[in-house]
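Asker: Coordinates only, no sequence provided:
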């Protein structure tokens, strides 16, 4: 039990001395890498277009038209996937959380 307390103290000490730089946000700094937020209207338009493409009769089209449609579908799916967001937890983080729960309980 003493070892656990020592390890917890070491981890707490390590996190307390980590170099975090805090800066007030002025709100007018726009980064070029920030993704443009997708509105619900845009996502509904993309979904409707994908449904429309799925219902098309592709047998009447030539090879170039099919290729254009494939590229459009891929671009729309990529844009929708990017806008989905979500929370991703790595396997290492899950293991770390499990170990902390086991050690603390």
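Answerer: Received it, and whenever you're ready, just let me know what you need. Predicted model only: the values in this text are computed from it and were never measured. Numbering: from 1, shown residues only.
Asker: Give me the secondary structure label for residue 103.
Answerer: Classification of residue 103 using DSSP: H, G, I helix; E, B strand; the rest coil returns helix.
Asker: That one: what's it in contact with?
Answerer: By Cβ atoms under 8 Å, 6 or more residues apart in numbering, the residues touching residue 103 are 4, 7-8. The way it works is simple: take the backbone N, C-alpha and C, and place the C-beta from them, glycine included.
Asker: switch to 6 Å and redo it
Answerer: Residues near residue 103 by Cβ atoms under 6 Å, 6 or more residues apart in numbering: residue 4.
Asker: can you pull the pLDDT of it?
Answerer: Per-residue confidence at residue 103 stands at 86 (pLDDT).
Asker: Same check on residue 27?
Answerer: If you check residue 27, the pLDDT there is 60.
Asker: Enumerate the positions of stretch 63-81 that are buried.
Answerer: residue 76 (16 or more other Cβ atoms under 10 Å).
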